[in-house]
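Participant: need a 3D model of the sequence below.
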Amino acid sequence: MIPLALNPEKLPIGLAGAGVAGARRLAALRAGGVEPVLFTHDAALAAQATALPLPPDTAALARLRVLYIAGLEAADYVPLAEAARAARVLVNVEDVPALCDFHAMAEVRRGDLLLTVSTGGAAPGLAGVIRQALERCFAPEWAGRVAELADLRRAWRAEGVPMAEAARRIAVLARERCWLSCPASE
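Facilitator: Got it, this is the predicted structure:
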């Protein structure tokens, strides 16, 4: 596996989904700053966004670079994954590792801080347990910490502080404030 963080402003991303799994993936994509092209036959999911019908046509698939598939039946997702791959679109079929070009990671978001965990699809439950531990260790106040450090870094860059020195200052600050002490596991 090769971890990546995709810039949603640069890549058209789609979601073909239905039900709880489709809604969960839509929420996760939105949390990452993506308003995906949504393909669904699920009225409840379609009510949450502008939706196109399933299956998408070849032209709609060709405009994408990444397609998540969640909550569909095998009769729908197998040909859709094959068509997307033929259009050179990277595909993730939730809970079907054999059809995935990439795996979605368990994630914790704290403002601009993104922590991810992956088992390469081998043990998603374990990734979830580790994600829960990270949520305890990196509580919501980390969003403010990252914003504070971003402001400091901008000021240091304006002063001409070299990157290595800025990194050293950040490490000292995190250590002095005991930011990396983690609460005990439950």
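Participant: quickly list the domain ranges of this structure.
Facilitator: Under the assignment automatic domain parsing, the domains of the chain span 13-104, 105-138, 142-176.
Participant: in a markdown table: these, plus mean pLDDT, distance to Ile2 and mean neighbour count.
Facilitator: (Each C-beta comes from the backbone N, C-alpha and C, glycine too.) Below are the domains of the chain laid out as a markdown table (pLDDT from 0 to 100; distance: least, CB to CB, whole Å; neighbours: other CB atoms under 10 Å):
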| stretch | mean pLDDT | distance to Ile2 | mean neighbour count |
| --- | --- | --- | --- |
| domain 13-104 | 94 | 9 | 18 |
| domain 105-138 | 91 | 10 | 16 |
| domain 142-176 | 96 | 24 | 13 |
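Participant: find the residue at the geometric middle of this protein.
Facilitator: Residue closest to the mean C-alpha point of the chain, counted by CA atoms, centre = their mean, is Gly32 at 5.6 Å.
Participant: residues contacting that residue?
Facilitator: Under the criterion of CB atoms under 8 Å, 6 or more residues apart in numbering, the neighbours of Gly32 are 8, 109.
Participant: now swap in Ala62 and tell me
Facilitator: 87, 89 are the contacts of Ala62 under CB under 8 Å, 6+ apart.
Participant: where do the helices of the protein begin and end?
Facilitator: For the chain, the helices defined by DSSP state H cover 19-31, 43-46, 58-62, 74-86, 124-137, 142-158, 163-176.
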